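K.L.:
coordinates only, sequence not included:
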């Protein structure tokens, strides 16, 4: 019985080793320049809160209502009437943003995570889409408050 277990383990080990080999017999491995690198670029769509060139980061920000690991990055574009915000979504959920309030004192943006009502199998990935909204007037010195809602559809 021990002999069969040893033979079975040896066969399994040989198969695993064969599956890991990627080169044809007699061929050379790929040059190092063709191998993937571990560096990520700033334009990576998976990086949280990448903002466009020329955007100005909003420093007066209240993000206390966001979940703990949620990105907290808001910026203005152009003349300040366009406000960008980083959101988070994953699997079957989709992110969106709505303007909750525009007053002379503040701007409230509501980040919404929408999930299906019916439970289903979903991927286990996290994405960080950016959204922009257009205000009635430039943001100027007004603070931005980020609100958060979960919705089922």
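P.N.:
Now that the structure is in, tell me what you want to look at. In this text, all values refer to a predicted model and were calculated from it rather than measured experimentally.
K.L.:
Just list the residues touching residue 57, thanks.
P.N.:
Residues near residue 57 by CB atoms under 8 Å, 6 or more residues apart in numbering: 51, 73-75. (Each C-beta comes from the backbone N, C-alpha and C, glycine too.)
K.L.:
Would you mind giving the residues you listed as JSON lines with pLDDT and neighbour count added?
P.N.:
Output for the contacts of residue 57, formatted as JSON lines (pLDDT from 0 to 100; neighbours: other CB atoms under 10 Å):
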{"residue": "51", "pLDDT": "78", "neighbour count": "18"}
{"residue": "73", "pLDDT": "94", "neighbour count": "20"}
{"residue": "74", "pLDDT": "96", "neighbour count": "23"}
{"residue": "75", "pLDDT": "97", "neighbour count": "21"}
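K.L.:
Out of those residues, which is nearest to residue 130?
P.N.:
Relative to residue 130, the closest of those is residue 51; by CB to CB it sits at 7.2 Å.
K.L.:
quick one: the nearest residue to that closest one once chain neighbours are set aside from residue 81, how far?
P.N.:
Closest residue to residue 51 apart from its sequence neighbours, by CB to CB, 6 or more residues apart in numbering: residue 75 at 4.6 Å. Distance, residue 75 to residue 81, by CB to CB, to the nearest Å: 13 Å.
K.L.:
Now do the helices in this structure.
P.N.:
In the chain, the segments counted as helices under DSSP state H are 2-20.
K.L.:
which residues in it form strands?
P.N.:
56-57, 61-62, 74-77, 82-86, 89-90, 94-102, 107-115, 126-127, 130-134, 144-152 (DSSP state E).
K.L.:
Which of these sits closest to residue 68?
P.N.:
Per CB to CB, nearest to residue 68 of those: strand 144-152, 11.1 Å.
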